[in-house]
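[1] Show me how the following folds:
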Amino acid sequence: MAPTRRLKTVALVGIDGSGKTTQAHRLAEELAAEGLPAAYRRNAGGRRWFGRLATAVGRRDGDDLLGPRLMLVVESLLRWLAILRTLLRRAVTGEVTVMDRYAVCQFASLRARSASERWARLAYRPFPRPDVTFLLAVDPAVAHDRIEARGYDHEEMSYLRAATAAYRSLPEHEHFVVIDANGTPDEVSAALHAELAAWQRQPAPEPRLPALLANARTALLVGGPLAAGATAIGLQLAEAF
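    This next block holds a predicted model:
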C-alpha cells in the first residue's frame, strides 16, 4: 500500500471577512484534539494595527497615515518576517502548522491595489508552498457585513470586490482548494475537514530530492529568505519614494 501524505503545513487565505482567523484557530484546535502536534500561526501584515494607530491619531486608516505606497511596503515586510518566523518555528518543533494568511495574501493585496508584485514575489520566492492552501471564497457583501458586525475595522466594498478578483487571477489559484465560506462556521469547518481528509488519503508523492539535498534545502530556509527578502523589499521601499 502506498504511504499516505504526511501533513506539515496548511494555509487559509482569502479576503478580509472570509473567516480565515476563525477557521484557522478551529482547525488547529481540532487537529490537536486528534493527536497531531498542530499549532495556529498568524502571518499578519500589520495593516489592522496601523489602522488602529491611524484612528487614534485622527487619520482614516494605515494608507492615510503612511501613504498607500509606503503602507504596502511595510505590510510586505511585516508579513514576510511573520512567515519566516512561522517556517523556522515549524522546522524546529516539527509541528503541523495551520497558517492564517500566507505569501499569496500579499500578492493579492498588491494586485487589488494595482501595485507591482515584482519585488514582493522575489522576496517571498524562497518560501515553500504549503501542503494545502484553502481559499475561503466568500461573497464580498457577506464579508462586508461580517466586518461591520465585528466593529473594530472597516473595508470598502470596492476593495473587497477587487481583492476577490485578485485572488481568482493569481497564478497560484490553480493550486488552491476553494471552500465556500458563505455558510456558518460549522459548515465551513466541515468542508475544510472533508477536503483535508481527501488530501491525506492520496498517495504520498515520490521525493523529488535526495535526502542530502533535502536537508540542505532546509538549512537554506534561514539564509535564503533573509538575503532575497532584504534585497527585494529594499528595492520595493526605494520604489515607494
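
[2] Mind jotting down where the strands sit in this structure?
    9-13, 38-42, 96-100, 132-137, 176-180 (DSSP state E).

[3] what's the third one packed up against?
    Contact partners of strand 96-100 among helices and strands, from 3 or more Cβ pairs under 8 Å, 6 or more residues apart in numbering; DSSP states H and E: strand 9-13, helix 20-33, strand 38-42, helix 68-93. For every residue, glycine as well, the C-beta is placed using N, CA and C.

[4] Repeat the analysis, applying 10 Å as the threshold.
    Under the contact definition 3 or more Cβ pairs under 10 Å, 6 or more residues apart in numbering; DSSP states H and E, strand 96-100 sits against strand 9-13, helix 20-33, strand 38-42, helix 68-93, strand 132-137.

[5] which one is T22 nearest to, not counting chain neighbours?
    The shortest distance from T22 to any residue other than its chain neighbours is 6.0 Å, reached at P185 (Cβ to Cβ, 6 or more residues apart in numbering).

[6] Same question for R90.
    Closest residue in space to R90, ignoring its immediate chain neighbours: T97 at 4.5 Å, by Cβ to Cβ, 6+ apart.

[7] And for Y40?
    Of all residues not flanking Y40 in the chain, A28 sits nearest, at 3.9 Å (Cβ to Cβ, 6+ apart).

[8] pLDDT at that neighbour, what is it?
    For A28, the model assigns a pLDDT of 98.

[9] Count the neighbours of it for me.
    22 (other Cβ atoms under 10 Å).

[10] That one and R41, how far apart?
    Note on A28: its distance to R41, by Cβ to Cβ, to the nearest Å, is 8 Å.

[11] who touches both of the two?
    Counting by Cβ atoms under 10 Å, 6 or more residues apart in numbering, the common neighbours of A28 and R41 are E95, T97, V98, M99, D100.

[12] who's in contact with the fourth one?
    Which is M99. For M99, the contacting residues are 9-13, 20, 24, 28, 39-43, 82-83, 86-87, 90, 105, 130, 133, by Cβ under 10 Å, 6+ apart.

[13] ok, F134 touching T9?
    No: between F134 and T9 there is no contact, the gap being 11.6 Å when judged by Cβ atoms under 10 Å.

[14] about what we covered before: which one of the helices and strands packed on strand 96-100 is the most hemmed in?
    Highest mean neighbour count among these (mean count of other Cβ atoms under 10 Å): strand 9-13, with a mean of 25.

[15] That one pairs with which strands, parallel or anti?
    If you go by DSSP bridges, strand 9-13 pairs up with strand 96-100 (parallel), strand 132-137 (parallel).

[16] now it: mean pLDDT?
    Strand 9-13 shows a mean pLDDT of 98.

[17] from here on, count from 44
    Yep, numbering from 44; the last one is strand 52-56 now.

[18] follow-up on the earlier one: so which of the strands paired with strand 52-56 is nearest T98?
    Ranking these by their distance to T98 (criterion: Cβ to Cβ) puts strand 139-143 first, at 22.9 Å.

[19] so that closest one versus strand 81-85, what angle?
    Computed by axes from the mean of the first three to the mean of the last three Cα atoms, to 10 degrees, the angle separating strand 139-143 from strand 81-85 equals 30 degrees.

[20] Among the helices and strands packed on strand 139-143, which comes closest to T207?
    Closest of the helices and strands packed on strand 139-143 to T207 is strand 175-180, at 7.9 Å (criterion: Cβ to Cβ).

[21] Pull the closest one out as PDB, backbone CA atoms only.
    Provided in PDB are the C-alpha atoms of strand 175-180 (Å, rounded to 0.1, in the frame of the first residue of the first chain):
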ATOM      1  CA  VAL A 175      -2.700  22.600   1.300                       C
ATOM      2  CA  THR A 176      -3.800  26.100   0.700                       C
ATOM      3  CA  PHE A 177      -7.500  26.700   1.300                       C
ATOM      4  CA  LEU A 178      -9.100  29.700  -0.300                       C
ATOM      5  CA  LEU A 179     -12.100  30.700   1.700                       C
ATOM      6  CA  ALA A 180     -14.300  32.100  -1.100                       C
END
